[in-house]
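Peer 1: return a 3D structure for these sequence lines:
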Amino acid sequence: MSVNLRHRFSFIRAVVTLDETLQYTLDNIEQVVAKTNFWRRIEQAQLTSEQMKALDRLLDGDFEQGISSSQYQKVVKVSRATATRYLAQLVELKCLQKTAAGGRSTRYVVAS
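Peer 2: Numbering: from 1, shown residues only. Have a look, this model is predicted:
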């Protein structure tokens, strides 16, 4: 392989790496802006520290398909009854919304 061709491949790899890095950075900025906007519209004084922790995890993208009651229970270390109550409060406060699936498949996602 000629030196010129190797330089072209190196340049192309550098451009691809730069493009991927920029896309990653833009995605992170978009997530931070969305998270900031969410917290600005929410009355945080009405939330418990457990609820805020779970919302932060959801906003960080830890639960792409939404969070289930059992996952919520494990994340914030509360009983099943408390998890159910906290999730219902978050829906009532319009922080979360239920997905279409019901019963044991019920998941909660950040309200838009």
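Peer 1: quick one: neighbours of residue 84, just the number.
Peer 2: 14 (other Cβ atoms under 10 Å). To be clear about C-beta, it is placed using only N, CA and C from the backbone, and glycine gets the same treatment.
Peer 1: that one: what's it in contact with?
Peer 2: The neighbourhood of residue 84, defined by Cβ atoms under 8 Å, 6 or more residues apart in numbering, consists of residue 69.
Peer 1: let me see the ranges of the helices in the chain.
Peer 2: For the chain, helices defined by DSSP state H occupy the ranges 3-41, 49-59, 69-76, 80-92.
Peer 1: nearest to residue 105, of those?
Peer 2: helix 69-76 (10.6 Å; Cβ to Cβ).
Peer 1: buried ones in the closest one?
Peer 2: Residues of helix 69-76 classed as buried: 69, 71, 72, 73, 75, 76 (neighbour count, 16 or more other Cβ atoms under 10 Å).
Peer 1: ok, the fifth one - contacts?
Peer 2: The neighbourhood of residue 75, defined by Cβ under 8 Å, 6+ apart, consists of 53, 54, 57, 67.
Peer 1: TSV for those, including pLDDT, distance to residue 12 and neighbour count?
Peer 2: As requested, the contacts of residue 75 are exported to TSV (pLDDT from 0 to 100; distance: Cβ to Cβ, whole Å; neighbours: other Cβ atoms under 10 Å):
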residue	pLDDT	distance to residue 12	neighbour count
53	95	44	15
54	96	44	28
57	95	38	16
67	96	41	25
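Peer 1: nearest to residue 26, of those?
Peer 2: residue 57 (22.3 Å).
Peer 1: now that closest one: closest residue in space that isn't a chain neighbour?
Peer 2: residue 75 (6.0 Å; Cβ to Cβ, 6 or more residues apart in numbering).
Peer 1: and residue 77, by the same measure?
Peer 2: residue 50 (7.9 Å).
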